[in-house]
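> Quick check, what structure comes out for this input:
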Amino acid sequence: PPCAHHAAAMKRSRGRKATLQYATTIPQVNDVTYDQLRNELMDIDTRIPSQGKKILPSGYRMKFKSPYLSIEPASIGTIPEKEAKLIVTRMLQGTLHKEYAVAGGVHYLMTTIRTRSAYGRNVDTSKKEGIVVIRLSKLAIIARYKQPETQFDFIPKVEMLADKLVSMGY
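Residues are numbered from 1 along each chain as shown. The predicted structure is shown next:
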């Protein structure tokens, strides 16, 4: 058993609840809506799929549906448009971190929020899956990964693809 001094300190620390400190909104890249983005970008450069194949792991597919580009392993289903629209809208509004992001029926807890990017993991921690959402000025990227890919391998690859897209004017 701990001494009286340590027991009192442990008792005090158990009484405190952990709270997540988030800003109420994340700074926005632009003030456009989902529909404005969709109407502005009806097609993408034909070089993008070849760029993605060079950067992304094999077995991952890219699908463009204005205004987002989805990236996911071929072994899982695609993200329904309704779910993708909600993710993109919440990312544009800076509120993606306030609730779970749902993609393909899987719930993701957003664990890291940056100015242009958000990263999350499957709420079922037994499944090693995650999501990366990146907003660019004309396009949003929604990328999902699962084992054997890890966040440490996958996120830099998607960020590299996003940087290539920015250099192409997206």
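
> Show me the beta-bridge partners of the residue lying closest to A162 once chain neighbours are set aside.
The shortest distance from A162 to any non-neighbouring residue, by C-beta to C-beta, 6 or more residues apart in numbering, is to I134 (4.6 Å). C-beta: built from backbone N, CA, C; applies to glycine. Following DSSP bridges, I134 is listed with bridge partners S117, I141.

> Point out where the protein drops to low pLDDT.
Scanning the chain for pLDDT under 70 picks out 1-32, 37-46.

> Can you show me the helices along the chain?
Per DSSP state H, the chain has helices spanning 4-15, 34-40, 48-55, 81-93, 151-167. These are given in chain order.

> deepest of the ones you listed, which one?
For the helices of the chain, average neighbour numbers computed from mean count of other C-beta atoms under 10 Å are highest in helix 81-93, which has a mean of 18.

> which helices and strands does that helix pack with?
helix 34-40, strand 68-73, strand 101-103, strand 129-135, strand 140-146 (3 or more C-beta pairs under 8 Å, 6 or more residues apart in numbering; DSSP states H and E).

> can you redo the ones you listed as JSON lines with distance to K85?
Listed next are those as JSON lines, based on distance: least, C-beta to C-beta, whole Å:
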{"stretch": "helix 34-40", "distance to K85": "6"}
{"stretch": "strand 68-73", "distance to K85": "8"}
{"stretch": "strand 101-103", "distance to K85": "11"}
{"stretch": "strand 129-135", "distance to K85": "13"}
{"stretch": "strand 140-146", "distance to K85": "10"}
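
> and P80, what does it touch?
Applying C-beta atoms under 8 Å, 6 or more residues apart in numbering, we find P80 in contact with G104.

> pretty sure E72 contacts P57?
No - under the criterion of C-beta atoms under 8 Å, E72 makes no contact with P57, lying 11.1 Å away.
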